[in-house]
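Participant: Sequence first, then the predicted structure:
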Amino acid sequence: MENGFDLKLHLHRLLSDEPFFSAISRRVNKQASRALPTAGVTVDKDTLQFKMLYNPDFFKDMEENKIKGVLMHEFYHLIFKHVTSRKPENVPHLVWNIAGDLAINSMIGADNLPEGCCIPGGKQFEDYPMGKTAEFYLEMMKDDEQFGDGNGGFKDLDGQSGSDFGNFDDHSGWDELTDDERQMVEERAKDIMEKAAKEANNSGRGWGSVSSGIKKEIMERLKTRVDWKKVLRAFVGAAQRADKSNTMRRINRRFPYIHAGRKVNRVANIAISIDQSGSVSDSELNAFFNELNKLSELATFTVIPFDTKVAEDKVYTWKKGEKRKWERVMYGGTCFNAPTDYVNKGNFDGHIVLTDLQAPKPKSSRCRRMWMASKSNVDHMPFKTQERVIAIDVKQ
């Protein structure tokens, strides 16, 4: 508790009233900070985990329903990718944040938010209709003299803050992510949404105040087929270890010329276990190797062929930048404990299993594990897991 404000109490109330948002909240770290005036969702650059920063003074005298509204507001930004991939190029950060706020606040309602916030029909946005997307509002803002430059673009808003327009949260730091980091973060956000939706569907209280229309939109987003190539690349990046060192060559953006910048060299140590059992088709093996040739541009892998056991004499290092042809070296049955034991004994950051999934559930992995198989095999998966499972289309 800080300054008389106990966020945990309000998170508990969120649990009883809003099962879907509560499930998201449990997967987002919280940190009190007076470095920002209000609140905001950001990402930890070291771990690429989501965190919500909040100023306890901002919440201290706020009504309960509005505290809940602010929490939902922050999580909606993650749900609709406003802070990950949807921001258009050449759009000022503040302008996009306001457009996102207009879209989100339409769903929450002015009565459940702090006074003077960005909401269609409210102060400074009287002609803006309710219930539209961030992209819709962004187009309207081009013709709004508050934001538009008269030439289809946006004014330079340097020197102005979000509070000048009723924008009460902060999402700084997102523009500093690399493309690979942004992809990792987006996959992590989708994973959180999937788990939250599953919990809400299984809850006797349902989705709380989430409307049927918004629920449908969220579920449709989760149904969207994931590009398995991007997912693999994201997994490799997310499992990488960060070796950090200080350097004066790199400017510290927050404290320029006061503190040294930080240089991050990421080195991945990824295990790729390839199911060599007879039930895995040559087409599947060929597809796996084709993608691993592209992944080798990012990192070095340890390739582990297996069926009911690991062919330890066939284990090899696939070096970064190296190209290889697909090969089959085994034809037996399938046991997932064999590659799991092998990887658990090593010093790996992540484990990707390329397989047909036709074997009993394996023991736990000490590092992050992901499964890849053809769509038909995923649809008939013989065991349940909370780990990532990617269905791919394999050309015969």
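Facilitator: Cool, the structure landed.
Participant: What residues does residue 384 make contact with?
Facilitator: residue 361 (Cβ atoms under 8 Å, 6 or more residues apart in numbering). Every C-beta, even on glycine, is put in place using the N, C-alpha and C of the backbone.
Participant: pLDDT value on residue 372, please?
Facilitator: With respect to pLDDT, residue 372 scores 87.
Participant: no no, residue 240
Facilitator: 59.
Participant: Then residue 190?
Facilitator: Confidence score, pLDDT, at residue 190: 82.
Participant: cool, the one 3 residues further on as well?
Facilitator: Per-residue confidence for residue 193 comes out at a pLDDT of 88.
Participant: can you start the count at 32 instead of 1 from here on
Facilitator: I'll keep to 32 as the first residue from here, and by that count the last item is residue 224.
Participant: Can you get me a residue count around it?
Facilitator: By other Cβ atoms under 10 Å, 22 other residues sit near residue 224.
Participant: ok so it is a helix residue?
Facilitator: Yes - using DSSP: H, G, I helix; E, B strand; the rest coil, the assignment for residue 224 is a helix.
Participant: so who does it touch?
Facilitator: Going by Cβ under 8 Å, 6+ apart, the list of residues near residue 224 reads 55, 109-110, 249, 252-253.
Participant: Check residue 54 too.
Facilitator: 226-227, 230-231.
Participant: try 6 Å this time
Facilitator: 227, 230 (Cβ atoms under 6 Å, 6 or more residues apart in numbering).
Participant: what's the answer for residue 333, then?
Facilitator: Residues in contact with residue 333, defined by Cβ under 6 Å, 6+ apart, are 302, 348.
Participant: try it again with 8 Å
Facilitator: 300-303, 346-349, 377, 379.
Participant: Save those as CSV, and put in pLDDT, secondary structure and neighbour count too.
Facilitator: As requested, the contacts of residue 333 are exported to CSV (pLDDT from 0 to 100; DSSP: H, G, I helix; E, B strand; the rest coil; neighbours: other Cβ atoms under 10 Å):
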residue, pLDDT, secondary structure, neighbour count
300, 83, coil, 17
301, 88, strand, 25
302, 94, strand, 26
303, 93, strand, 25
346, 96, coil, 16
347, 95, strand, 12
348, 95, strand, 10
349, 93, strand, 20
377, 92, coil, 14
379, 91, coil, 23
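Participant: just curious, which of these is nearest to residue 191?
Facilitator: Minimum distance to residue 191 across the contacts of residue 333 is 45.0 Å, recorded for residue 301 (Cβ to Cβ).
Participant: what sits opposite the closest one in the beta ladder?
Facilitator: residue 332, residue 381 (DSSP bridges).
Participant: Please tell me how far it sits from residue 372.
Facilitator: For residue 301, the distance to residue 372 equals 17 Å [Cβ to Cβ, to the nearest Å].
Participant: go on, residue 95?
Facilitator: 51 Å.
Participant: Looking at the two, which is more packed in?
Facilitator: residue 372 (15 against 11).
Participant: Check which helix or strand the more buried one maps to.
Facilitator: helix 368-376 (DSSP states H and E).
Participant: quick one: buried residues of that helix?
Facilitator: Applying a neighbour-count criterion of 16 or more other Cβ atoms under 10 Å, the buried positions in helix 368-376 are 368-371, 373-375.
Participant: Pull that helix out as PDB, backbone CA atoms only.
Facilitator: The C-alpha atoms that make up helix 368-376 are tabulated as PDB, following Å, rounded to 0.1, in the frame of the first residue of the first chain:
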ATOM      1  CA  ASN A 368      10.500 -38.000 -22.800                       C
ATOM      2  CA  ALA A 369      13.600 -38.900 -24.700                       C
ATOM      3  CA  PRO A 370      14.300 -35.400 -26.200                       C
ATOM      4  CA  THR A 371      13.000 -33.800 -23.100                       C
ATOM      5  CA  ASP A 372      15.500 -35.600 -20.900                       C
ATOM      6  CA  TYR A 373      18.300 -34.700 -23.300                       C
ATOM      7  CA  VAL A 374      17.400 -31.000 -23.300                       C
ATOM      8  CA  ASN A 375      16.800 -30.900 -19.500                       C
ATOM      9  CA  LYS A 376      20.400 -32.100 -19.000                       C
END
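Participant: Now do that helix: everything it contacts.
Facilitator: Helix 368-376 has contacts (Cβ under 8 Å, 6+ apart) with 302, 304, 335, 337-341, 343, 346, 382, 384, 393-398, 400.
Participant: Give me the subset of those lying in strands.
Facilitator: 302, 304, 335, 337, 382, 384, 400 (DSSP state E).
Participant: Tell me who's in contact with residue 315.
Facilitator: 385, 387, 404-405, 425.
Participant: Type out the PyMOL command that picks the buried ones from those.
Facilitator: Per 16+ other Cβ under 10 Å, the buried members of the contacts of residue 315 correspond to this PyMOL selection:
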select buried, resi 385+387+404+405+425
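Participant: Of the contacts of residue 315, which belong to strands?
Facilitator: 385, 404-405.
Participant: Could you tell me how far the strand or helix carrying residue 215 lies from the centre of the chain?
Facilitator: Using DSSP H and E, residue 215 sits within helix 210-232. Helix 210-232 sits 5 Å away from the centroid of its parent chain (Cα atoms, centre = their mean, to the nearest Å).
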